[in-house]
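**Q** sharing a sequence plus its predicted fold:
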Amino acid sequence: MKQLSKSVYYTGTLNPNMRVFDVIMRTEYGTSYNSYIIKGASQTALIETSHASFWDTFKEDIDSVLNGRGIDFLILNHTEPDHSGCVARLLQEYPNLTIVCSQPAALYLKNITNIENLKIQIVRDGDTLCLGDKTLRFINAPFLHWPDSMFTWLEEDNFLFSCDFLGCHFCEPEVFDTRIHYPEKYQDALKYYYDCIFGPFPTFVQKGLEKIKDLPIRMICPSHGPILTSREYIANAMWAYKTWSASKANERKLIPLFYCTAYGNTAKLAEAIRKGILRTLPNAEVNAYNLIEHTQDELAALLNSSDAFLIGALTINRDAVPPIWQLLSHVDAINIAKRPAALFGSYGWSGEGFANTAERLKGLKCKLFDEQFKVNFVPSEADLAAAEQFGAEFAKSL
Ligand code: FEO
């Protein structure tokens, strides 16, 4: 427990040992599940709960702050279970509390808690809740990063409870930005968290920033990572989100070719197709990447920021190989929908890897080039010339 102001307390739980979050995120700096208590003159609000596995420490912490006082309102800015995991247990202890949340959150909570007749107060953008001498104002923030997300603004203290927004998986025992021991690692965690959580929603990030930019923010209290109290850290986080979410059109068309190759045949095709693309689009940035020679992060970043891309599929034992699946499972599926894509490659027996990769690209809703360029075993000179022509035709279709 830490006190943020006369009436506001931090009751978050620290999880420094976590190394994977939500299956897909590395968390090399651990995380914290931040929650806060506001003790108003007449009523008390708890903002967020914690991950279910931390119920005991969470309860101990809130009890020490409440000191016998009840909880009137549970504000849920977002219902992902890292924040709502203790709701059902909390309701056993405080059956009379009212949950305050957005309309989508109310729907999700029914199936998250499996409790009928939850006492819920749905709030909309701009609604307020008075705790006596403290006023909470709710700011709708959809897709930051779930449809249910909202921020809560504490008017008298100028504190913004920003949910996942402007937070990160970074566990510092001291909680406050002023006590961050490794600022470079914090910045690294802030960027990685942004990329994974908010990267798919840049337009919504801009809208969210617009809503809070004129607030006289004294403290940003996110749901993960350090509480931002210094002008420097607050400005840094806001600037970073603004920069990262700004729309970025590539100066030159970016058309990467990703391939796997067992005996160099698909690599030869990649090079020929690359030449063909450049014949049509000489100013494009066209490079071929052997998947086993690059990191997943590098490849995913290239694919996500591309204008179009090609996959050189390889078949082993009737399927595409793991690096292809890995690449296509690390993409921003929201923003690569409609992205032009094409398939090519050499195969030995029957080449099922093409059809399976094509299905995956269709599942991602990419705009798949009608023609696939396939060669059985070793490409001849004529095959390489045809591959170059294939590249030129694909480029013309863009
Ligand atoms: Fe920290 Fe989206 O939950």
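**A** Now that the structure is in, tell me what you want to look at.
**Q** ok, for the residue in the chain that the ligand sits nearest to, nearest residue in space, not its chain neighbours?
**A** At 3.5 Å from the ligand, residue 80 is the closest residue in the chain, using Cβ to the nearest ligand atom. Every residue, glycine included, has its C-beta placed from N, CA and C. Nearest residue to residue 80, sequence neighbours excluded (Cβ to Cβ, 6 or more residues apart in numbering): residue 146, at 6.3 Å.
**Q** enumerate every residue touching the one you found.
**A** Neighbouring residues of residue 146 by Cβ atoms under 8 Å, 6 or more residues apart in numbering: 78-80, 104.
**Q** ok, the residue of the chain closest to the ligand - how many residues close by?
**A** 20 (other Cβ atoms under 10 Å).
**Q** which of the three states applies to the residue nearest to residue 80?
**A** The local conformation at residue 146, judged by DSSP: H, G, I helix; E, B strand; the rest coil, is coil.
**Q** which SSE is residue 133 in?
**A** If you go by DSSP states H and E, residue 133 is not part of any helix or strand.
**Q** hmm, residue 43 and it touching each other?
**A** No - applying Cβ atoms under 8 Å as the test, residue 133 and residue 43 come out as separate, 10.0 Å apart.
**Q** who's more crowded, these two?
**A** residue 43 (18 against 12).
**Q** could you pick out the residues of this structure near the ligand for me?
**A** Contact residues (Cβ under 6 Å from any ligand atom) of the chain with the ligand: 78, 80, 82-83, 145, 164, 223-224.
**Q** secondary structure and pLDDT for those - can I get that in JSON lines?
**A** Shown next, in JSON lines, are the residues of the chain next to the ligand (DSSP: H, G, I helix; E, B strand; the rest coil; pLDDT from 0 to 100):
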{"residue": "78", "secondary structure": "coil", "pLDDT": "97"}
{"residue": "80", "secondary structure": "coil", "pLDDT": "97"}
{"residue": "82", "secondary structure": "helix", "pLDDT": "96"}
{"residue": "83", "secondary structure": "helix", "pLDDT": "97"}
{"residue": "145", "secondary structure": "coil", "pLDDT": "96"}
{"residue": "164", "secondary structure": "coil", "pLDDT": "98"}
{"residue": "223", "secondary structure": "coil", "pLDDT": "98"}
{"residue": "224", "secondary structure": "coil", "pLDDT": "98"}
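**Q** show me where the stretch 101-250 of the chain has strands.
**A** 120-122, 128-130, 135-140, 150-154, 159-163, 219-222 (DSSP state E, counting those that start in this stretch).
**Q** highest mean neighbour count out of the ones you listed?
**A** strand 159-163 (a mean of 27; mean count of other Cβ atoms under 10 Å).
**Q** angle of that one against strand 135-140?
**A** 40 degrees (axes from the mean of the first three to the mean of the last three Cα atoms, to 10 degrees).
**Q** rewinding a little: adding mean pLDDT as columns, could you present the strands of the stretch 101-250 of the chain in CSV?
**A** Formatted as CSV, the strands of the stretch 101-250 of the chain follow (pLDDT from 0 to 100):
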stretch, mean pLDDT
strand 120-122, 98
strand 128-130, 98
strand 135-140, 98
strand 150-154, 98
strand 159-163, 98
strand 219-222, 98
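**Q** out of the ones you listed, which is closest to residue 248?
**A** Checking these against residue 248 by Cβ to Cβ gives strand 159-163 as the closest, at 24.1 Å.
**Q** work out the sheet partners of that closest one and label each with its direction, please.
**A** strand 150-154 (antiparallel), strand 219-222 (parallel) (DSSP bridges).
**Q** could you dump these into TSV with distance to residue 340 added?
**A** Output for those, formatted as TSV (distance: least, Cβ to Cβ, whole Å):
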stretch	distance to residue 340
strand 150-154	37
strand 219-222	37
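**Q** for the residue nearest to residue 365 when sequence neighbours are not counted, grab phi and psi.
**A** Excluding the flanking residues, the one nearest residue 365 by Cβ to Cβ, 6+ apart is residue 337, at 3.9 Å. Dihedral pair for residue 337: phi -60, psi 140, per degrees, to the nearest 10.
**Q** what about residue 337, distance to residue 367?
**A** 9 Å (Cβ to Cβ, to the nearest Å).
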